[in-house]
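>>> Show me the folded form of this:
(one chain, ligands or ions: 1)
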Amino acid sequence: MQRLVPDVPDFPEPGIVFKDITPLLADADGFAAVVDALATAGRDEAGETVVDVVVGMESRGFIVGAPVALALGTGFVPVRKAGKLPRETHAVTYDLEYGSATLEIHRDAVRPGQRVLLVDDVLATGGTAAATVELVRLCGGTTHAVAVLMELGFLDGRAALDGLPLTTLMTV
Ligand code: AMP
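Below you'll find the predicted structure:
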């Protein structure tokens, strides 16, 4: 599977090795396998869905998270960059591997008590995932687990997740 996620050195800036998932998305079998594998993070051992909603982070978390939500039979909630969501939001500012950013969620997108599966493509420093966990908490929901296609182990992003279950299909 890793051959479908090529490294692109020095993108988007010098020193960053960008993991390009677009060849994987373009491969029907690979994409289906990834969606299946990530969806297991939202099921119990009997195969029952144990989350109420899937939350995906802009923008590759949308591409991967939306089909995971359909596979689990749940709805999908986008977490977006600042200024993109039209109604009242919660906002959290966080550090990226490169730069910093603010993420937002519609205040009513996750209802109090709902259990959430977070889905994204790459876990790097963990800042994006940790900010999204906080957005879910601000809505009154709880994060059940985090599922990513790839973890950049050398950045130790899982340390930012405070022991939340992390499903990762590839670790580099
Ligand atoms: P982080 O907040 O540092 O865990 O960064 C995770 C977010 O940034 C994810 O949404 C990724 O899509 C993106 N990202 C960070 N580093 C990389 C990388 N080396 N290759 C591809 N995407 C990355």
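>>> For the ligand, see how far away the spatially most central residue of the chain is.
The centroid of the chain falls nearest to residue 120 when counting by CA atoms, centre = their mean (2.3 Å). Relative to the ligand, residue 120 is positioned 5 Å away (CB to the nearest ligand atom, to the nearest Å). Yep, even glycine has a C-beta here, placed from its N, CA and C like the rest.
>>> Bridge partners for that residue, pull those for me.
Residue 120 has these beta-bridge partners by DSSP bridges: residue 148.
>>> Pull the contacting residues for it.
Neighbouring residues of residue 120 by CB atoms under 8 Å, 6 or more residues apart in numbering: 56-57, 60-61, 64-65, 128-129, 146, 148-149.
>>> So in that sheet, which strands flank the least confident helix or strand in the chain by mean pLDDT, and in what orientation?
Lowest mean confidence among the helices and strands of the chain (mean pLDDT, DSSP states H and E): strand 89-95, at a mean of 93. Here strand 89-95 is paired, per DSSP bridges, with strand 100-106 (antiparallel).
>>> List the buried residues of the partner strand.
101, 103-106 (16 or more other CB atoms under 10 Å).
>>> just stretch 42-49 next, same as before
residue 42.
>>> neighbours of residue 128, just the number please.
27 (other CB atoms under 10 Å).
>>> do you know how far it is from residue 52?
As judged by CB to CB, to the nearest Å, residue 128 and residue 52 stand 21 Å apart.
>>> Residue 118 too?
13 Å.
>>> Between the two, point out the one with more neighbours.
More neighbours surround residue 118 than the other of residue 118 and residue 52, with 30 against 19 (other CB under 10 Å).
>>> Next, the contact list for that one, please.
Residue 118 neighbours (CB under 8 Å, 6+ apart): 54-57, 61, 129, 132-133, 136, 143, 145-147.
>>> Just to be sure, which of those are found in helices?
61, 129, 132-133, 136 (DSSP state H).
>>> Close to the ligand: what parts of this structure are there?
Counting by CB under 6 Å from any ligand atom, the chain comes close to the ligand at 16-19, 57, 60, 96-97, 120-129, 157.
>>> out of those residues, which are buried?
By 16+ other CB under 10 Å, the residues of the chain next to the ligand give 18-19, 57, 60, 97, 120-129, 157 as buried.
>>> wait, which of these is closest to residue 78?
Closest approach to residue 78 among these (CB to CB): residue 57, at 8.1 Å.
>>> Give the bridge partners for the closest one, please.
Taking DSSP bridges as the rule, residue 57 bridges to residue 79.
>>> Now do it, the pLDDT please.
pLDDT, residue 57: 97.
>>> Please name the residues that touch it.
Residue 57 makes contact with 65, 79, 103, 118-120, 128-129, 132 under the criterion CB under 8 Å, 6+ apart.
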